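Enquirer: following is a predicted model, sequence given first.
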Amino acid sequence: SARHQRQRRAPPEVSERTFHLAQLNVARLAAPLDSPQLAEFVAALDPINALADGAPGFVWRLQTDAGDATSLHVWDDERMIVNMSVWESIDALREFVYRGDHVQVMRRRREWFQKMTHAFTVLWWIAADQVPTVEQATARLAQLEELGPTPGAFTFRELFLPPGQDAGRRDDDRWACEVG
């Protein structure tokens, strides 16, 4: 049976005022997961997930006993896949996503995924001792879609600092990833 929220590394002991960054990324596969078109994407999953698990600032990621989340169907569409993780900071997640070997996967996303016409990535702050649920994450994505970036649901392009640090937004185009 799948354990939908197995933790790879326990969160460090922290005070109640410490926050971690949660992220949800959704994508619609361009073909069935077992198709030849997606063979290289599937082959890259384990190595990329291992890189994430060992990356500085990594806390947790959503996965089944198989080690990834591709078999989890959050929506009725079998081709919609999710990636959800928790990081110690924006900088830790940004470093993983936009530097190193993960960038090679990002560069090939148009081969493997359909262009999304709605919000597909959302970031939000959680208490450091919590693990987000899929339901919470999809609600944050819907909030971003409905309201645009807010402190409760934002993107790399329009960042918000953790609660209590700053009420303001930090727009940062250096890390924006164009839809496509």
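Expert: Everything's here; your move. Since the model is a prediction, treat every value here as computed from it, not as a measurement. Residues are numbered from 1 along each chain as shown.
Enquirer: quick one: Asn83 from Leu62, how far?
Expert: Distance, Asn83 to Leu62, by Cβ to Cβ, to the nearest Å: 7 Å. C-beta here means a position set from N, CA and C on the backbone, and glycine is covered the same way.
Enquirer: list residues touching both of those two?
Expert: With contacts defined as Cβ atoms under 8 Å, 6 or more residues apart in numbering, the residues shared by Asn83 and Leu62 are Ala69.
Enquirer: what about Ala22, which SS state?
Expert: Following DSSP: H, G, I helix; E, B strand; the rest coil, Ala22 is assigned to strand.
Enquirer: could you pull up phi and psi at Ser71?
Expert: Note on Ser71: its backbone torsions stand at phi -90, psi -10 [degrees, to the nearest 10].
Enquirer: tell me, how many residues neighbour the residue nearest to it when sequence neighbours are not counted?
Expert: Once its chain neighbours are removed from consideration, Ser71 has its nearest residue in Thr64; the separation is 5.6 Å (Cβ to Cβ, 6 or more residues apart in numbering). As a burial measure, the neighbour count of Thr64 was computed by other Cβ atoms under 10 Å and equals 16.
Enquirer: and the pLDDT for Glu40?
Expert: Predicted confidence (pLDDT) at Glu40: the value is 95.
Enquirer: that one: which element?
Expert: Per DSSP states H and E: Glu40 is located in helix 39-54.
Enquirer: run the chain-centre distance for that helix.
Expert: Between the centre of helix 39-54 and the centre of its host chain there is 14 Å, according to Cα atoms, centre = their mean, to the nearest Å.
Enquirer: could you do stretch 57-73 as well?
Expert: Stretch 57-73 sits 10 Å away from the centroid of its parent chain (Cα atoms, centre = their mean).
Enquirer: check which residues of it are buried.
Expert: Gly57, Phe58, Val59, Trp60, Arg61, Leu62, Gln63, Thr64, Asp68, Ala69, Thr70, Leu72 (16 or more other Cβ atoms under 10 Å).
Enquirer: which SS state does the closest residue to the fourth one other than its chain neighbours fall under?
Expert: Across the structure, with Cβ to Cβ, 6+ apart as the measure, the residue nearest Trp60 apart from its sequence neighbours is Val86 (4.4 Å). Classification of Val86 using three-state DSSP returns strand.
Enquirer: again with the one 5 residues further on
Expert: With three-state DSSP as the basis, the three-state label of Asp91 is helix.
Enquirer: so which residues of the chain form helices?
Expert: Remark: helices of the chain, listed N- to C-terminal, are 39-54, 90-98, 102-107, 109-112, 134-147; assignment by DSSP state H.
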